[in-house]
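[1] Task: produce atomic coordinates for the following.
(2 chains)
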Number of protein chains: 2
Amino acid sequence: MSLFFFSDNQIKPINAAGVPVTDLLVQRGYGIFDFLRVAKDKPLFIDDHLDRFFRSAEIMRLNIPQTREDIKNIVKELIQKNQLAYSGMRMLIAGGDAPDGYTIEHPHLIIIQAPLAEPTLALPQSGIKLASYNYQRQIPEVKTTDYLMAIWLQPWMKQQGADDILYHHNGVVSECPRSNFFLVTKDNVLVTAQQNMLKGVTRKNIIEVCTQNNIPFQVRDVNISEFATAKEAFITSSTKRIIPVEQIDEFAIKSNYEASFAKKIYDLLVIMED
Amino acid sequence: MSLFFFSDNQIKPINAAGVPVTDLLVQRGYGIFDFLRVAKDKPLFIDDHLDRFFRSAEIMRLNIPQTREDIKNIVKELIQKNQLAYSGMRMLIAGGDAPDGYTIEHPHLIIIQAPLAEPTLALPQSGIKLASYNYQRQIPEVKTTDYLMAIWLQPWMKQQGADDILYHHNGVVSECPRSNFFLVTKDNVLVTAQQNMLKGVTRKNIIEVCTQNNIPFQVRDVNISEFATAKEAFITSSTKRIIPVEQIDEFAIKSNYEASFAKKIYDLLVIMED
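    Okay, the predicted model is just below:
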């Protein structure tokens, strides 16, 4: 069965068309997107995602032809038509056709829905390994389609025996390519990066539940020197909520699952989705 | 009239199809390209462009399904079918569909031919203005489709009253977004960047004609502090050969057109194309 998607101002079967080869997205890599999870036909935290989507578009000077309400209606219609209880919804603004190959004139919206496994009910028991890499994403506050470095580094990452990459710039930790990073310091404070990264919706939700539940946290520069003494680490995303990290480079991080910040916060996030 | 292009292993009308919305090029900005000029039905310096194209592909781990001979034959067929005496030929490798949205499995070739004005017979008399900007392109030795910064900077560039951007990284000059940069020092030596930029085919040809004609040149780091005392400056590309530069930031550069390095080299490049 072919799924439906939105493109060229209409909902149509996904195999019907692609992005024109003359589009700035294809020729110059100029585009932004956002991605949200749909659970039991409900697009989770869609207002937060739309806030970020419109902010990304504004910074990149990509005028979205649709209003927020238009987009919400398209999302609703796709959910009804595609009948995928658990899925991911990718909203994309392509730079569009540019007669001179360079000037933004006709940005356009594409929305794709695809099946997605629902995260587990409880925080996963086992963690992943991260390999840190010195790199600063360009225009980092925007969710651009630029994943050149992330994909290019995949073979290197596998050579390190790692499951994901953790970017830092000259020692200051920013983010993983598709998730935010949190660490619990030797003094039992939860910390996460404050700048030069994408501010995830799950990260925002975690800051909210920490505030509401008196969980000590700091939003500040995090340094790679803190890996050695970390009591706990995890990454966060809309797709997975939280994934524990048990190693970063050569540093093993041993946390107590039951007593972890991650487990407590995970349970609060699950409640928040209801 | 619709032009023909190559995609999905066939030559077909260009309005027929686009790049699938699920392609790594669309979703993750993962692709490379090369661009060459066709003059009087002859694809200029196609071997140099194919050398760079295959090198870009190798570095980015994009296996080109076609051989060099295959590509030359497709280019020849497009030239015959499209009947554009003067044109540009864009060869592109898209990352292709990735079931996990991340792993390169099916890279594919797209070739687009489009009309292009032939450069003037002699070097243009008037020059352009450049605005310098501190930025380092990622994976700079590869001609990726990443022009995010170049396009994003267009309004800034226009505010500066400039015609193009000149990238430097902490004072060391690299390139313009779509061309190489040359400068004549106060000691009458032609200099151009040696690293952290894309090595253009026209740049290569200039190095060749300078060597053959005893024109003094150096391939070395060029510093922005050299703008103030430059006797001449120009940018080079396959599309335009050479464009004189008469201002960089606040520094006016006044060269003698008839006695310029640019004019001498331009004339040699025209001969080289025959």
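
[2] Please enumerate the strands of the stretch 101-250 of chain A.
    All strands of the stretch 101-250 of chain A, identified by DSSP state E, counting those that start in this stretch, fall at A:108-115, A:128-134, A:164-169, A:172-175, A:180-184, A:190-192, A:217-219, A:222-223, A:232-237, A:241-248.

[3] Throw those into CSV and include mean pLDDT and distance to chain B, thanks.
    Every residue, glycine included, has its C-beta placed from N, CA and C. Shown next, in CSV, are the strands of the stretch 101-250 of chain A (pLDDT from 0 to 100; distance: least, CB to the nearest CB, whole Å):
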stretch, mean pLDDT, distance to chain B
strand A:108-115, 90, 6
strand A:128-134, 98, 12
strand A:164-169, 98, 11
strand A:172-175, 98, 15
strand A:180-184, 98, 18
strand A:190-192, 98, 24
strand A:217-219, 98, 27
strand A:222-223, 98, 22
strand A:232-237, 98, 13
strand A:241-248, 98, 16
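
[4] how about the ones you listed in a markdown table, adding mean neighbour count?
    What follows is those, written out as a markdown table (neighbours: other CB atoms under 10 Å in any protein chain shown):
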| stretch | mean neighbour count |
| --- | --- |
| strand A:108-115 | 20 |
| strand A:128-134 | 18 |
| strand A:164-169 | 20 |
| strand A:172-175 | 22 |
| strand A:180-184 | 24 |
| strand A:190-192 | 22 |
| strand A:217-219 | 15 |
| strand A:222-223 | 18 |
| strand A:232-237 | 25 |
| strand A:241-248 | 22 |
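
[5] Pipe the ones you listed into a markdown table and attach distance to residue B:138 per row.
    As requested, the strands of the stretch 101-250 of chain A are exported to a markdown table (distance: least, CB to CB, whole Å):
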| stretch | distance to residue B:138 |
| --- | --- |
| strand A:108-115 | 25 |
| strand A:128-134 | 12 |
| strand A:164-169 | 12 |
| strand A:172-175 | 15 |
| strand A:180-184 | 21 |
| strand A:190-192 | 25 |
| strand A:217-219 | 27 |
| strand A:222-223 | 23 |
| strand A:232-237 | 22 |
| strand A:241-248 | 23 |
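
[6] What pLDDT is listed against the residue lying closest to residue A:62 once chain neighbours are set aside?
    Among residues not flanking residue A:62 along the chain, residue A:107 sits closest, at 4.3 Å (CB to CB, 6 or more residues apart in numbering or on different chains). Residue A:107 is assigned 94 on the pLDDT scale.

[7] pretty sure residue A:107 contacts residue A:58?
    No. Assessed by CB atoms under 8 Å, residue A:107 is found out of contact with residue A:58, at 11.6 Å.

[8] Neighbour count for these two, which is higher?
    Ranked by neighbour count (other CB atoms under 10 Å in any protein chain shown), residue A:107 and residue A:58 place residue A:107 first, with 24 against 13.

[9] Contact partners for that one?
    Listed by CB atoms under 8 Å, 6 or more residues apart in numbering or on different chains, the contact partners of residue A:107 are A:57, A:62-65, A:93-96.

[10] Highest neighbour count among the residues you listed?
    residue A:95 (30 neighbours).

[11] Quick check: closest non-adjacent residue to the residue of the stretch 1-150 of chain A found nearest chain B.
    Here the residue of the stretch 1-150 of chain A nearest chain B is residue A:18; by CB to the nearest CB that distance is 3.3 Å. Among residues not flanking residue A:18 along the chain, residue B:18 sits closest, at 3.3 Å (CB to CB, 6+ apart).

[12] Provide the partner residues of the one you found in its beta bridges.
    residue A:20 (DSSP bridges).

[13] didn't it look like it was pressed against residue A:27?
    No. Using CB under 8 Å, residue B:18 is not in contact with residue A:27, being 11.7 Å away.

[14] shared neighbours, these two?
    residue A:21.

[15] low-scoring pLDDT stretches of chain A, where are they?
    Residues of chain A that meet the criterion pLDDT under 70 lie in A:1-3, A:5, A:7-10, A:12, A:14-17.

[16] Show me the domain layout of it.
    Structural domains assigned to chain A are A:4-115, A:128-272, following automatic domain parsing.

[17] looking at the ones you listed, which is closest to residue B:211?
    domain A:4-115 (33.0 Å; CB to CB).

[18] need the contact list for residue A:267.
    Going by CB under 8 Å, 6+ apart, the list of residues near residue A:267 reads A:122-123.

[19] For whichever helix or strand it is part of, list every residue counted as buried.
    According to DSSP states H and E, residue A:267 maps onto helix A:261-272. Within helix A:261-272, the residues scored as buried using 16 or more other CB atoms under 10 Å in any protein chain shown are A:261-266, A:268-269, A:272.

[20] Then stretch A:246-258?
    A:246-248, A:251, A:253, A:255.

[21] what sits against the closest residue to residue A:252 other than its chain neighbours?
    Distances taken as CB to CB, 6+ apart place residue A:246 nearest to residue A:252, at 6.6 Å, with adjacent residues excluded. Contacts for residue A:246 (CB under 8 Å, 6+ apart) come out as A:126-129, A:252-255.

[22] Check residue A:71 too.
    Residues near residue A:71 by CB under 8 Å, 6+ apart: A:50, A:53, A:64, A:91, A:109, A:111.

[23] quick one, phi psi at the second one?
    The reference is to residue A:53. phi -60, psi -50 (degrees, to the nearest 10).

[24] which element is the closest residue to it other than its chain neighbours on?
    Excluding the flanking residues, the one nearest residue A:53 by CB to CB, 6+ apart is residue A:34, at 4.1 Å. Assigned by DSSP H and E, residue A:34 falls within strand A:31-39.

[25] what's around the residue in the stretch 151-274 of chain A positioned nearest to chain B, how many residues?
    As assessed by CB to the nearest CB, chain B sits closest to residue A:151 within the stretch 151-274 of chain A, at 5.1 Å. Neighbour count of residue A:151, defined by other CB under 10 Å: 21.

[26] any idea whether residue A:90 is helix, strand or coil?
    strand (DSSP: H, G, I helix; E, B strand; the rest coil).

[27] Hmm, residue A:32 is touching residue A:52, no?
    No. Using CB under 8 Å, residue A:32 is not in contact with residue A:52; the gap is 9.5 Å.

[28] For the two, work out which one has more neighbours and name it.
    The neighbour comparison of residue A:32 against residue A:52 (other CB under 10 Å) goes to residue A:32, with 29 against 22.

[29] for that one, what are its contacts?
    A:53, A:56-57, A:60, A:62, A:92-93, A:142-145.

[30] cutoff 7 Å now
    Contact partners of residue A:32, counting by CB atoms under 7 Å, 6 or more residues apart in numbering or on different chains, are A:56-57, A:60, A:62, A:93, A:142-145.

[31] a markdown table for those residues, including distance to residue A:196?
    Below are the contacts of residue A:32 laid out as a markdown table (distance: CB to CB, whole Å):
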| residue | distance to residue A:196 |
| --- | --- |
| A:56 | 16 |
| A:57 | 20 |
| A:60 | 17 |
| A:62 | 22 |
| A:93 | 23 |
| A:142 | 12 |
| A:143 | 14 |
| A:144 | 14 |
| A:145 | 19 |
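
[32] Widest-spaced pair of those residues?
    A:57 and A:145 (12.6 Å).

[33] The buried residues of helix A:261-272 also near chain B: which ones?
    Among those, no residue is within reach of chain B (CB under 7 Å from any CB of the partner chain).

[34] Format those as CSV; extra columns: distance to residue B:220.
    Formatted as CSV, the buried residues of helix A:261-272 follow (distance: CB to CB, whole Å):
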residue, distance to residue B:220
A:261, 53
A:262, 52
A:263, 57
A:264, 58
A:265, 54
A:266, 55
A:268, 58
A:269, 55
A:272, 58
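
[35] Point out the residues in chain A that sit beside chain B.
    So chain A meets chain B at A:5, A:7, A:17-21, A:24-30, A:60, A:102, A:104, A:110, A:112, A:138-139, A:144-149, A:151-152, A:154-155 (CB under 7 Å from any CB).
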